[in-house]
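Participant: heads up, no residue letters with this:
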């Protein structure tokens, strides 16, 4: 895993360097897909750092009401985003009463992932389609860069043949990175800070879900009715043929 040092940003990584037998190099490609939290955390220098990495497009997995500058965010000149394609492709509809009743208590956990793709498959599929059609050098993010981003990352990495345990380590890295951050988005209720030991204990029954998601990526893609073209495009983004 390669941590991306973009100023003002945290919990950001390049999805390159994961071992996979599907790639001619034996690992996923660097500089193609990055994962992270809400982009509003970036400073102006951070946007320059992202451009130096090769940032060309952003797929934002948040609901529309979560998007935008909040208290404590940096004021960024409009030209910082010039030439970067930004697509909002939410993975969930929080206004859906059935989804909210089922998932609200577990949104900060992979426990809700299967509910998401079973109840709102068109939204999860739409996010994958958006990434597949984006220009390489894509940042995929939600608010914390942990659960929605973690779900999509697990599916993409599984589709690219990455070992499920490596995918679990990537998810665990995000949970640890955000464990001391009180608020992940403007207006959100503050999270309780957790020590590394508490995080490890919390993840005991969560990591198997992440492993299973990566291992069953193709089966889940079938459930979501992800097209062959999208599956192939996502794989090409991450592996060298």
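Facilitator: Cool, got the structure. Because the structure is a prediction, the values reported are computed rather than measured.
Participant: in this structure, which ranges drop under the pLDDT threshold?
Facilitator: Residue ranges of the chain with pLDDT under 70: 1, 182-191.
Participant: And the residue nearest the centre of it?
Facilitator: By Cα atoms, centre = their mean, the chain has its centre lying nearest to residue 149, at 1.9 Å.
Participant: how about the helix or strand containing that one: buried residues?
Facilitator: Using DSSP states H and E, residue 149 sits within helix 148-159. Buried residues in helix 148-159, counted by 16 or more other Cβ atoms under 10 Å: 148-159. C-betas here are computed from N, CA, C, even on glycine.
Participant: Check stretch 130-141 too.
Facilitator: By neighbour count on 16+ other Cβ under 10 Å, the buried set for stretch 130-141 is 130-132, 134, 137-141.
Participant: Centre of the chain to that stretch, how far?
Facilitator: Here stretch 130-141 is found 11 Å from its chain centre; the criterion is Cα atoms, centre = their mean, to the nearest Å.
Participant: returning to that earlier point: please narrow the buried residues of stretch 130-141 to those residing in helices.
Facilitator: Secondary structure from DSSP state H places 130-132 of those in helices.
Participant: ok, back up a step: pull the distance from the helix holding residue 149 to the chain's centre.
Facilitator: 7 Å.
Participant: which other helices and strands contact it?
Facilitator: Under the contact criterion of 3 or more Cβ pairs under 8 Å, 6 or more residues apart in numbering; DSSP states H and E, helix 148-159 touches strand 33-36, helix 121-132, strand 138-141, helix 164-178, helix 207-215, helix 217-224, helix 228-238.
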